[in-house]
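Q: sequence plus predicted model, see below.
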Protein chains: 2
Amino acid sequence: MSNDDNNQDNLVIFMPSGRREGVEPGTSLLDAARNMGVEIESICGGKLTCGKCKVRIEDGVFQKHGITSSPNNVTPPSEKEQKLLERMNSTDYRLSCQCFVQGDVLAFVPEEARAHKQIIRKTATDRVIDINPAVRKVYVEVDRASLGEHRGDWGRLQDSLAQQWDLHNLTIDWLVLRRLQAILRDENWAVTVTVWQDREVIDVQAGYQEGTYGLAVDIGSTTIAGYLCDLRTGEVIATESTMNPQITYGEDLMSRVSFAMTDTKGLDKMHKAVLKALNSLAAKAAAQIDLKARDIQDAVFVGNTTMTHILLGINPIELGGAPFALATRDGLDVKARELGVRLNEGAYVHILPSEAGHVGGDNVSALIAEEPYKQEGEQILMVDVGTNAEITLGNKDKMYSASSPTGPAFEGAQIAYGMRAAPGAIERVRIDPETKVGRFKVIGEERWSTDWDLSEEAADFERPAYLATGICGSGIIEVIAEMFLVGILNPDGRFNSALQSDRVVWEGRTGKYILATGEQTRTGEPIFVTQDDIRAIQLAKAALYAGCKLLMRQAKIDHVDRIVLAGAFGSFIDTKYAMVLGLIPDCDLEKVYAVGNAAGDGARIALLNKTKREEAQNIAEWVTYIETAVDPNFQDEFVAAIAIPNANDAFPHLKGVLPENRTTVENSAGGGGRRRRKARKSRG
Amino acid sequence: MSNDDNNQDNLVIFMPSGRREGVEPGTSLLDAARNMGVEIESICGGKLTCGKCKVRIEDGVFQKHGITSSPNNVTPPSEKEQKLLERMNSTDYRLSCQCFVQGDVLAFVPEEARAHKQIIRKTATDRVIDINPAVRKVYVEVDRASLGEHRGDWGRLQDSLAQQWDLHNLTIDWLVLRRLQAILRDENWAVTVTVWQDREVIDVQAGYQEGTYGLAVDIGSTTIAGYLCDLRTGEVIATESTMNPQITYGEDLMSRVSFAMTDTKGLDKMHKAVLKALNSLAAKAAAQIDLKARDIQDAVFVGNTTMTHILLGINPIELGGAPFALATRDGLDVKARELGVRLNEGAYVHILPSEAGHVGGDNVSALIAEEPYKQEGEQILMVDVGTNAEITLGNKDKMYSASSPTGPAFEGAQIAYGMRAAPGAIERVRIDPETKVGRFKVIGEERWSTDWDLSEEAADFERPAYLATGICGSGIIEVIAEMFLVGILNPDGRFNSALQSDRVVWEGRTGKYILATGEQTRTGEPIFVTQDDIRAIQLAKAALYAGCKLLMRQAKIDHVDRIVLAGAFGSFIDTKYAMVLGLIPDCDLEKVYAVGNAAGDGARIALLNKTKREEAQNIAEWVTYIETAVDPNFQDEFVAAIAIPNANDAFPHLKGVLPENRTTVENSAGGGGRRRRKARKSRG
């Protein structure tokens, strides 16, 4: 009944993939599947211990597939197999390693038996990731030691790994070698071996053991985020984050670099601080699911270049000045224990490669998560805003990257009432075009400020917990954009002196806007938006925009097709307001989207799939890095980008966003700008 | 004038090798030499910093070589070269990397410029060892960091190593990476890089640096011996030895194994003790020549299996009982710092492979030093006597090895007046055949005891320092052999009751021999040789001899062509007496020789030549190990070997050694043996 050339063969079809092939009688279904490229999970290698390779042999005539299949068309189960299937509540299944073909077979491979399961990340662009981790566990039965045979326990284990798993030329971590003899004898010479990169035995456990775990960590300057993953399913089974304790030595990167330069123990202090945080994070993540840190057998760390240098105990001094030389651009594997990270004794930490002095593994990580370098045609701009903004632009033909010194204004620093995105921070703002009164939402409270009932709570003589305490990054973007949209600000960023409003307070020639009144705040004092705040945001957004323009100039394009906002800031800001203020170049707003912590996603992807580590290395070398600090065009672009844009040729997509009256204000604003420059000149 | 086909070529001859070849004009002499297989030292790679590649360009007509050579037949020296040659007091030389051929040249390569220098070991068989160490230093000039170039410092160093030294796919020790940036900038981007196995950068030093040092250590159960070597010349530049501090936990191997089994902290104590000793030894050896332990960049450690297990922190429990399973038979590379050995930060320790449970890396080491496996035809027996004797037999066709439990008697233990080979120990003995009075020599005093003038020194009321304090291993062999030769002992090892001598004291039926009188000893009490001493030596030598016979039986041979005595014991005993007592099988005495610490030599050879490490691995797997403990023939051979042999068929070479009268005693001795057994029977 076989469709194949060889009449002796039986036809075997695997569902749901539908792969079909003629198979020699006597072949096990597992071998048949492997030959056909159907991946079926198997850990024990036919030892009848893991029960992973189960399939259902279908019974009936399957006309669509041209096959008549029957459970009798494979050899019957042994008693041992039957017992195992009963224990697994899977009596309608067979173990594919135990059924040998003796007729045509249509076999269904259930989801849980499919090897290399795939995880799907839910973002704007759904993506599928193959599971192919750098560490894997294999179960082996080892020849017991006997007189007259002198290979040694490690020699015998090597031979078993070669015979049973086709693993050759392995080395063994010498600390595992220390424990090997006792473990081999513990469960009768049956062990589960953890192999790293098919190269090194990093752990041996007695008997049959399941569960392989890895930790992906994004080491941000401010926040360290960890994702504990099941390396077999790809699932994130625990997440944990913590403040980067280095923050006590400097808020931004440059202040940490200079701390390492000026304090002889500075590097050591910051190095130890981050290690301590990582160890605590790993232990906490593991504890969430009743594991220990020692159960974590692989790790991928990403961070900006300063973070990875300090993590490795490398003085970041060279990153503090031109030519911004990295100690290494390459990705790196370091034994966790050597680094001082407490995971499994034999585990390695993989640190993703960097691109250049100011574009580190976190950006490479975001790239391998978003894969703009696989994009055909469309020009993709990816922006990750932090104290420095990392910007990449391009597609599969060519990619550029740059780092732009936006400074910490977007994170609420340098803002009079600025604060981190924490409870009490104003994050959303709308201003009434008529009254110029702002309403807002604070983190931790769902109601808009206009729905708060302050009178009843004030009666308690206690200020409610949700009152505003400051403005966070997304709040400052929105309030300034709204102030512009309702005419409080001119396009040059100065307060509109022609406007009469009790919400704008003038001190001499400088205005400030009352966003929250005293009764709306924890302190009882109003929250203002000052002229200095607006200037700080203008400088930050001009730096970001100038970086984007610089890359567009390099790529010789005048518009981008898609803008990806990576990182926490990108997730919280409203893309409309970002474009109103001119943080990002013009783009169809529907094609501007946030992807969250892409650096963390990339770390996770590199943890789950070792080939992505090689891809990261290739991409890091392939991307063309543009040094904004020395590019003569950067300064021009920067100066040109300080004003708030209008719906002109450069921003056609703002046409539907800006109210008519604001586009007309532009002329006077332009004049204002000129006036200001004149004024300065006369003063100078 | 060229002899070559191509008339354009110039003839170049290098002396003293006499290699000649036609060379294209414009070729540097260094390149010409390399193409012709003439190894000339060069560290800086033509950078005019090392001055290693000097040659003398001969001036004149060399009829024998058919060449007219002149210094003008190469390009003239630059000012920089001239200055360097002046500084080196070598103005009659040229640097071969700087002279480009423009005529026929006869160049003399001085000894110090010859690469891969060879060291010659002075033993019975002179041997030449190629210098090809696992670590080497190369000088590189690295591209300086510049804006717009993002390879990173390590990337730039890798490129320089590839271009200037053809070293590819290197990794870097991450602790070296930590220091890399500062070092590169220290001397203007010129560095000396230490590369391990052409695979890993283990050190980087600023500027041009010479001096590469390695440490070979033989970790004996009793003594740890270290040899600090110059890895460029192969010379031993310092030796240092120390007691193995584990001795406080047990004199012999089995008592250490049982200490590890019974005391939960036993392994850890012994592991730490040996590390402490190794660290002190390394530091002291380095200090001898004003170096630090951190200047040692490579190490090879050898030891018996128990020693290497404990060194690695592996519990030796499995070596304590059948089937005597090793944790690993393979050789091993471990970072010294991971092991806890303080050498250069990036240095590796290589531990030579073992053969089987009781034949360790020290025996493999002795094998690669003596290379019996390269011998054609002759059957070579190699014996290394310690608490266990390691025995190997064979030639290039086949080799056998065994371990025989001789016990510590040969080392002076279990002997009433036994002691280690230290000052005061009797090491040589001659007994007057007539008077039966023994004369002897003690370690630390050149005169025989008969030449001591005790009267004058006694007058000082101080006992002279050289008086005897005990008997060491070689002394006990000689005194018992002499006692037999002069008729004090019967061949069965019992005192000759028919002999009348005031040197033999009888206590009931048991005799003891006065070797030293009270006035010849430090204590003032006589030194005796007791019946128990003789029994202990008989058991030890029977075990050794039985092991040898077992291997001969395996090899199906009834005589050996050559006996190599390895180890300290073999160096101090007189081979004649060893054969008289029957420690070793019959052999032409001229072909029995001691090679000293062959295990230490082998460690040194593996340190100096990395290919010998591979050879060691192959030999360890190739040798056929015979387990004496379970071989049924061993016990028979052992019992048969307890008596002192006579000049019979089994020992034809004793014919010239034994006095006539002793060969005739044999019959009565045989009778004595029989009588003894009878007596026991009647008592039993």
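A: Yes, it's here.

Q: so which bits of the stretch 201-350 of chain A are right by chain B?
A: Counting by C-beta under 8 Å from any C-beta of the partner chain, the residues of the stretch 201-350 of chain A close to chain B are A:312-315, A:317-318, A:322-330, A:332, A:334, A:338-339. The way it works is simple: take the backbone N, C-alpha and C, and place the C-beta from them, glycine included.

Q: 7 Å instead?
A: Counting by C-beta under 7 Å from any C-beta of the partner chain, the stretch 201-350 of chain A comes close to chain B at A:312-314, A:318, A:322-323, A:325-330, A:332, A:334.

Q: point out the least confident one among those residues.
A: In terms of pLDDT, the lowest of those is residue A:322, showing 88.

Q: in stretch A:346-359, what's buried?
A: Buried residues in stretch A:346-359, defined by neighbour count with 16 or more other C-beta atoms under 10 Å in any protein chain shown: A:346-359.

Q: quick one: average pLDDT of stretch A:168-179?
A: pLDDT averaged over stretch A:168-179 gives 97.

Q: tell me which two of the residues of the stretch 201-350 of chain A next to chain B sit farthest apart.
A: A:322 and A:334 (28.5 Å; C-beta to C-beta).

Q: out of the two, which sits in the busier spot?
A: Counted by other C-beta atoms under 10 Å in any protein chain shown, residue A:322 and residue A:334 do not tie: residue A:334 has more neighbours, with 21 against 13.

Q: what sits against that one?
A: Shown in contact with residue A:334 (C-beta atoms under 7 Å, 6 or more residues apart in numbering or on different chains): A:348-349, B:174.

Q: quick one, helices of the stretch 301-450 of chain A?
A: A:305-311, A:336-339, A:361-370 (DSSP state H, counting those that start in this stretch).

Q: what's the most buried one of those helices?
A: Ranked by mean neighbour count, these are led by helix A:361-370 with a mean of 29 (mean count of other C-beta atoms under 10 Å in any protein chain shown).

Q: any idea how far that helix is from the chain center?
A: Relative to the centre of its chain, helix A:361-370 is centred 7 Å away, using C-alpha atoms, centre = their mean, to the nearest Å.

Q: mind listing residues that contact it?
A: Residues outside helix A:361-370 that contact it (C-beta under 7 Å, 6+ apart): A:218, A:302-304, A:308, A:351-355, A:373, A:382, A:384, A:390, A:392, A:401, A:564, A:566, A:595, A:598-599, A:601-603, A:605-606, A:612, A:615-616, A:619-620.

Q: in strands, which of these appear?
A: Judged by DSSP state E, the subset of the contacts of helix A:361-370 located in strands is A:218, A:302-303, A:351, A:382, A:384, A:390, A:392, A:401, A:564, A:566, A:595.

Q: could you identify the most distant pair in those?
A: Using C-beta to C-beta, the ones in strands among the contacts of helix A:361-370 span at most 23.8 Å, a distance reached by A:351 and A:564.

Q: what residues does chain A put near chain B?
A: So chain A meets chain B at A:145-148, A:150-155, A:174, A:177-178, A:180-181, A:312-314, A:318, A:322-323, A:325-330, A:332, A:334, A:355-356, A:625, A:627, A:630 (C-beta under 7 Å from any C-beta).

Q: burial count for residue A:432?
A: By other C-beta under 10 Å, the residues close to residue A:432 number 13.

Q: now do it, the pLDDT please.
A: Per the predicted model, pLDDT is 94 at residue A:432.

Q: do the one 3 residues further on as well
A: For residue A:435, the model assigns a pLDDT of 94.

Q: same thing with residue A:684?
A: In this model, residue A:684 is scored at 30, pLDDT.

Q: which residues are contacting stretch A:568-587?
A: Defining contact as C-beta under 7 Å, 6+ apart, one finds that stretch A:568-587 is touched by A:381, A:383, A:385, A:410, A:421, A:427, A:473-474, A:477-478, A:480-481, A:484-485, A:541, A:544-545, A:548-549, A:552, A:559-560, A:563, A:589, A:592, A:594, A:596-597, A:641, A:644-645, A:650-654, A:657-658.

Q: could you list the low-pLDDT ranges of the stretch 51-200 of chain A?
A: The model of the stretch 51-200 of chain A has pLDDT under 70 over residues A:115-127.

Q: what ranges do the strands span in it?
A: Assigned by DSSP state E, counting those that start in this stretch, the stretch 51-200 of chain A shows strands spanning A:54-57, A:60-62, A:67-69, A:94-95, A:105-108, A:118-121, A:127-130, A:135-141, A:171-172, A:190-196, A:200-206.

Q: low-scoring stretches of chain A, by residue?
A: Short version for chain A, where the test is pLDDT under 70: A:1-7, A:115-127, A:455-463, A:659-684.

Q: domain-wise, how is it divided?
A: Listed by automatic domain parsing, the domain ranges of chain A are A:10-113, A:135-206, A:213-351, A:371-408+A:537-668, A:410-534.

Q: can you tell which of those domains is closest to residue B:524?
A: Taking C-beta to C-beta, domain A:135-206 is the member of the domains of chain A nearest to residue B:524, at 52.0 Å.

Q: now for the residue of chain A most remote from its centre: which residues touch it?
A: What lies farthest from the middle of chain A is residue A:148; by C-alpha atoms, centre = their mean that is 54.8 Å. Contacts for residue A:148 (C-beta under 7 Å, 6+ apart) come out as residue B:627.

Q: from residue A:180, how far off is it?
A: Distance of residue A:148 to residue A:180, given as C-beta to C-beta, to the nearest Å: 21 Å.

Q: same check, this time on residue A:47
A: 20 Å.

Q: show me which of those two is the more surrounded one.
A: Legend: neighbour count by other C-beta under 10 Å for residue A:47 and residue A:180, higher for residue A:180 (23 against 15).

Q: so that one touches residue B:325, yeah?
A: No. With contact taken as C-beta atoms under 7 Å, residue A:180 and residue B:325 are classed as non-touching, separated by 10.2 Å.

Q: any common contacting residues for those two?
A: Common neighbours of residue A:180 and residue B:325 (criterion: C-beta under 7 Å, 6+ apart): residue A:153.

Q: now residue A:140. Nearest residue, chain neighbours left out?
A: Nearest in space to residue A:140, with sequence neighbours left out and distances taken as C-beta to C-beta, 6 or more residues apart in numbering or on different chains, is residue A:160 at 4.6 Å.

Q: show me the strands in the stretch 501-650 of chain A, by range?
A: Along the stretch 501-650 of chain A, counting by DSSP E, counting those that start in this stretch, strands occupy A:504-507, A:510-516, A:527-530, A:562-566, A:592-596, A:624-626.

Q: what about residue A:483, which SS state?
A: Following DSSP: H, G, I helix; E, B strand; the rest coil, residue A:483 is assigned to helix.

Q: how about it, nearest residue that isn't a chain neighbour?
A: Nearest non-adjacent residue to residue A:483, counting by C-beta to C-beta, 6+ apart: residue A:489, 4.7 Å away.

Q: can you pull up the bridge partners for the one you found?
A: Under the criterion DSSP bridges, residue A:489 forms beta bridges with residue A:495.
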